[in-house]
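need coordinates for the below:
(one chain, ligands or ions: 2)
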Amino acid sequence: MTRASSKPTTTAIKTAVANNEAEVGNQVSESSLDLTVELAAAVKAVRLASHLCDNVQWQLRNDEKVEKEDGSPVTVADYGAQVLVSWSLQRSLPGQTFNMVGEEDSADLRTEEGGPVLRRITDLVNHTLSECEKDATLLTPEDVLELVDAGRSDGGKTGRHWVLDPIDGTRGFITMRQYAVCLGMLVDGEIGLGVLGCPNLPQWSVSDVDCNDGGCDPYDERGIGCCFAAHVGRGTYAGPLFVADKDEMPGIKVHVNDLLSPEEVRFMESVEAKHSNHVLSAAVATEIGLELPSLRIDSQAKYGVLSRGDSSIFMRYPPDSYREKIWDHVAGVMVLQEAGGVVSDAAGNKLDFSQGRHLPYLNGGLIAATPSMHRLIIAALAKIKEDKTIVYGEGPTYRT
Ligand code: AMP
Ligand code: MG
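Ligands and ions are numbered 1, 2, ... in the order given. A predicted model of the protein is given here:
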């Protein structure tokens, strides 16, 4: 690498924290919205869907060759989680108009080949209901199709839209790493609430471990499985995911940690190199004086990890042709912002969730971080872009 990096001092970071207070204030908005009932419904729905996913993962442990194809347990769990969220929200909020932007639709399940898959999903959902919701009437395959299709909303600038990724981080799910059930709500194009269910995330800090390197045993007795819940203007709360009472709200208020010096900071990125350019994130890390290796974690669990202070930065640089889907960020962004973090595109612009199922062009990526780290990264990216050391675009590369 030819570029000299000027390493920020701890004092510089603390100044950046102070300078960013206004910026954070903008993001953690004061809001008159009251979504208390909706947040409680979202937590319950995520707990239920996470229970289903966790059951399926136990089955997957015995079948290492499973890929995401029709009929695989992964496909069945994806649909099953969407069905349970859709069922649970409508049951908790009777009388409310229900719109949801969900990742899955029922087209494949309505084909002849989809028949057996539909039956498996129905069995799985009914098994979970019989375990967790004893008074529920069991669902028919037609009910299941209808509940999947409840996720067909296109979102947009007006009205209330639930936004769901039933299993975010499918690769992580398949390989026993991290994954998340992610549910948020847009109100007139702005995020009103976000809930993350992270079944394999330890309740203890993962700042010193690579969760994808055998360091976070999902069955560690110290407590695995975290739930994060955030309401606009009211902060982010975390707690155990698997609890006896699915109505229980997470009770520990969390906040990002913006007091670390660059030598102490861990940054996060995708495990999958095709989801995010690892070379570019390493170059940015060097530019701002980070010394520790990246923490690679699948899914929006990264936003939860950031919100409780285990890490200070999440960088995402997908190929230029890739358009980010709103369900991959809505819940996580709310969890982070309400914990004092900042999220923007690679040019520092606020994310716009009001344009339908996709986010608009992100100028090369997405940065989620503590206020001071966010500021440093946006400045570093501008500098890197200017000196043409990094080539943006399809599969950006780092020229040495
Ligand atoms: P992560 O676990 O952070 O790597 O992100 C997982 C999400 O990345 C999935 O839910 C996909 O929607 C999304 N994804 C799939 N393909 C790509 C891609 N080529 N670039 C960026 N993200 C992708
Ligand atoms: Mg996803």
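
how many neighbouring residues does the residue in the stretch 51-200 of the chain positioned nearest to ligand 1 have?
Closest to ligand 1 within the stretch 51-200 of the chain is Gly169: 4.1 Å, counting by CB to the nearest ligand atom. No exception for glycine: its C-beta is placed from N, CA and C like everyone else's. A count of nearby residues for Gly169, using other CB atoms under 10 Å, gives 27.

contacts only, for the single nearest residue of the stretch 251-400 of the chain relative to ligand 2.
When scored by CB to the ion, the stretch 251-400 of the chain has Asp328 as its residue closest to ligand 2, at 4.4 Å. By CB atoms under 8 Å, 6 or more residues apart in numbering, the residues touching Asp328 are 165, 168, 182, 300.

which of these sits closest to Leu193?
Nearest to Leu193 among these, counting by CB to CB, is Cys182 at 11.8 Å.

in the stretch 1-150 of the chain, where is pLDDT below threshold?
1-29, 62-71 (pLDDT under 70).

90 instead, please
By pLDDT under 90, the weakly predicted segments of the stretch 1-150 of the chain are 1-32, 57-75, 104, 113.

tell me how far Asp165 lies from ligand 2.
4 Å (CB to the ion, to the nearest Å).

wait, isn't that residue in contact with Cys182?
Yes: using CB atoms under 8 Å, Asp165 makes contact with Cys182 at a distance of 4.4 Å.

any shared contact partners between the two?
Listed as contacting both Asp165 and Cys182 by CB under 8 Å, 6+ apart are 300, 327-328, 331.

just put these in a markdown table and tack on distance to Gly189, secondary structure and pLDDT.
Compiled in a markdown table, the shared contacts of Asp165 and Cys182 are given as follows (distance: CB to CB, whole Å; DSSP: H, G, I helix; E, B strand; the rest coil; pLDDT from 0 to 100):
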| residue | distance to Gly189 | secondary structure | pLDDT |
| --- | --- | --- | --- |
| Gln300 | 20 | coil | 98 |
| Trp327 | 15 | helix | 98 |
| Asp328 | 17 | helix | 98 |
| Ala331 | 16 | helix | 99 |
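
so which of these are also by ligand 1?
Asp328 (CB under 6 Å from any ligand atom).

which of the shared contacts of Asp165 and Cys182 are buried?
Buried subset of those (neighbour count, 16 or more other CB atoms under 10 Å): 300, 327-328, 331.

and those, which is closest to Asn126?
Of all those, Asn126 sits closest to Trp327, with 25.2 Å by CB to CB.

OK, contacts around the closest one?
Trp327 neighbours (CB under 8 Å, 6+ apart): 101-103, 163-165, 168, 182, 184, 357.

just the ones in strands from those, please.
Among the contacts of Trp327, the residues falling in strands (DSSP state E) are 101-102, 163-165, 168, 182, 184.

most surrounded residue in these?
Cys182 (34 neighbours).

please name the bridge partners of the nearest residue to Leu201 once chain neighbours are set aside.
Leaving out its chain neighbours, the residue that sits closest to Leu201 by CB to CB, 6 or more residues apart in numbering is Cys226, at 4.5 Å. When bridges are called by DSSP bridges, Cys226 pairs up with Cys198, Pro240.

contacting residues for Cys226?
Going by CB under 8 Å, 6+ apart, Cys226 touches 196, 198, 201-203, 238-241, 301, 304.

ok, and for stretch 223-231, which residues are buried?
224-231.

list just the nearest of the residues you listed to ligand 2.
Comparing the buried residues of stretch 223-231 against ligand 2 with CB to the ion picks out Phe228 as the nearest, at 16.1 Å.

re earlier: what is the most widely separated pair among the contacts of Asp328?
Asp165 and Gln300, at 7.4 Å, using CB to CB across those.
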